[in-house]
Structure formats: C-alpha cells, structure tokens
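>>> Build me a model from this:
(one chain, ligands or ions: 1)
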Amino acid sequence: MSQAALRCEGVTVSYGALKAVNDVSHEFQEGRIYGLIGPNGAGKTTLLNVLAGRQMRHAGKVYCGGREISQRPAYARARMGIGRSFQIIKIFGEMTVAENLLVAAQSRRPGFQPFWMSRHFDRQFREQLDSILELTGLAVHRDDIAGTLPYGLQRSLELGVTLLPDPRILLLDEPLAGIGHHEIQAALALIRKAAQGRTVLLIEHNMDAVMSLSHEIVVMSNGSVIACGAPEDIRRNEAVRSIYLGEDAQ
Ligand SMILES: Nc1ncnc2c1ncn2[C@@H]1O[C@H](COP(=O)(O)OP(=O)(O)OP(=O)(O)O)[C@@H](O)[C@H]1O
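Numbering: from 1, shown residues only. Purely as a prediction, here's the structure:
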C-alpha cells in the first residue's frame with residue numbers, strides 16, 4: 001500500500017484522569033475520504049486538533065507523508081498542506097465574500113516581498129480567487145456581504161477560505177452543522193468536489209451524509225477507535241450499533 005498522507009501512532013490526550021483520546025493509531029491514505037463518527041465526547045475534535053497541530057500536548061506521534069510532524073504547530077502544518085475548518089463558522093460577516101478570501105490570502109502571504117514578487121502574488125491570487133468562487137458557487141455573490149448570505153453559502157465560503165492555499169489534506173469539523181435540510185445536497189456536492197485529489201477527514205453527526213461521502217468510517221467511543229471500515233460494514237457492525245448508533249441504526 002502507498003505511504004499514508006497522514007498517520008497517527010499511539011496518540012493519547014489526557015485531561016487529568018480523563019483520556020479524551022486513548023492510544024489512537026490510524027492511517028489516512030491519499031485521495032480518500034474518512035468519516036470520523038462517535039457519540040458526543042468521544043474524542044473526535046480532540047483527535048482532529050492533534051492532527052492539525054492545535055493540540056500539541058499529547059503522547060504518540062503524527063506523520064505527514066513520511067515526515068514526523070508531532071512538534072510542528074498549526075501554521076507549519078498549514079504550510080505543509082494540512083487545512084482545517086471549524087464547527088463554528090469563522091468568516092468576517094461584515095466583509096464581502098471576495099474580501100474574506102482576500103484577507104485569508106493576505107494572512108498567508110510572506111511578510112516582505114519585492115514589488116515584482118508582489119505582482120506575481122496578486123496575479124496568482126486573482127486566479128485562485130476566481131477558481132474558488134467558481135468551485136464554491138459563490139461567483140455571483142463575490143460582492144455580497146458575507147453575513148447576509150444564507151447559512152449554507154456562509155459554510156461554502158468558509159470551505160473556500162480553507163481551500164485557498166490548496167491543501168492536500170482537509171480536516172473538516174462538522175461541515176454540515178447548522179445547514180438546513182434543503183441545503184444539504186448542495187453542501188454534499190461541494191464537499192465531494194473539494195475532496196477531489198485530496199485526503200479528507202471529516203467529523204459529521206449526519207449519518208446519511210457521512211456514510212454517503214466517505215470511503216472509510218472511523219468510529220470513536222470514550223477516546224478509542226472501536227471500529228473502522230467501509231460504510232456498509234460499519235452500518236452492520238454490532239458493536240457500533242449498540243455503542244453508538246443505537247437501536248435506530250438502519
Ligand atoms: N480543554 C479541555 N479540558 C478538559 N476536558 C476536555 C477539554 N476538551 C475536551 N475535553 C473533554 O474531552 C472529551 C472529548 O471531547 P471532544 O470535544 O474531543 O469530543 P467530540 O467527540 O468531538 O464531541 P462532540 O461530538 O460533542 O463535539 C470530552 O469528555 C470533553 O469534555
């Protein structure tokens with residue numbers, strides 16, 4: 001099997017006596033979509049934070065490609081191609097869609113540049129901006145104030161901001177949270193498009209959505225991975241049904 005895009009080995013995060021993540025080892029292969037599921041408090045967000053470099057106090061190791069990145073902070077991992085989105089939308093509601101993308105691009109730009117480099121970055125940014133607006137379906141909204149957009153489009157914008165540096169690995173924390181029933185299909189289509197050519201790990205509570213999006217499901221409970229496999233196998237897994245999905249599992 002090819003080298004994993006992202007890998008964790010024996011990751012443990014303790015808060016006092018509580019092990020929020022308990023000895024988790026997993027490989028995330030290039031180009032695949034992984035759904036991370038589990039009941040509230042299972043340790044999903046904590047694990048995502050460890051992978052993204054936002055939770056540096058942990059035991060165990062994290063690798064990107066073949067390189068160990070356990071001690072690298074979030075910004076260094078972002079530069080290595082690991083993008084992360086959040087459960088709560090982080091966009092500037094009073095700015096336009098295009099301005100939000102501009103701010104995100106500026107914040108990732110090197111501090112000092114000679115003028116010819118600056119022109120190069122501006123041209124590169126305009127091209128990126130157009131392709132992100134196209135991908136997210138926000139081209140017609142580029143000059144709209146972000147906070148006035150329907151919630152689903154605000155989520156699309158946040159994904160656009162995450163995609164701006166063209167990450168190879170996407171860590172998405174509940175990308176469908178708060179999205180209305182009528183907006184789900186469009187959101188799923190966007191995530192599928194965004195996932196093309198990338199490795200994606202997403203936390204999602206919407207079972208139908210996560211099962212339809214993912215190549216592999218990783219199930220956590222009480223800090224541990226209790227099962228992983230193809231969505232159809234996870235649906236049938238007795239331990240998962242009793243521990244997580246409950247009697248309503250289909
Ligand atoms: N900063 C912290 N200090 C103490 N305990 C924490 C901290 N962050 C998380 N925890 C605890 O760690 C456990 C795992 O939390 P985590 O947020 O990773 O779970 P989760 O699976 O993402 O839950 P949810 O689906 O509700 O978001 C929980 O018991 C939580 O209360």
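>>> Tell me the residues on the chain that lie near the ligand, please.
Y15, L18, A20, G38, N40, G41, A42, G43, K44, T45, T46 (Cβ under 6 Å from any ligand atom). All C-beta spots, glycine's among them, are computed from the backbone N, C-alpha and C.
>>> Now with 8 Å, please.
13, 15-16, 18, 20-21, 38-49, 87, 173-174, 203, 205, 220, 223 (Cβ under 8 Å from any ligand atom).
>>> For A98, what is the enclosing helix or strand?
helix 97-107 (DSSP states H and E).
>>> Check what contacts that helix and list those residues.
Contact partners of helix 97-107, identified using Cβ atoms under 8 Å, 6 or more residues apart in numbering, comprise 91-92, 95, 125, 128-129, 132-133, 138, 141-144, 146, 149, 157, 160-161, 164.
>>> Any of these buried? List them.
Buried by 16 or more other Cβ atoms under 10 Å: 91, 125, 128-129, 132-133, 138, 141, 146, 149, 157, 160-161, 164, out of those.
>>> Which members of those residues are the farthest-apart pair?
F125 and L149 (21.6 Å; Cβ to Cβ).
>>> what pLDDT does the closest residue to A186 other than its chain neighbours get?
Excluding the flanking residues, the one nearest A186 by Cβ to Cβ, 6 or more residues apart in numbering is G152, at 6.5 Å. In this model, G152 is scored at 90, pLDDT.
>>> Tell me which of the buried ones among the contacts of helix 97-107 fall in strands.
Judged by DSSP state E, those include no members of strands.
>>> For the ligand, state which of the residues you listed is nearest.
I91 (20.6 Å; Cβ to the nearest ligand atom).
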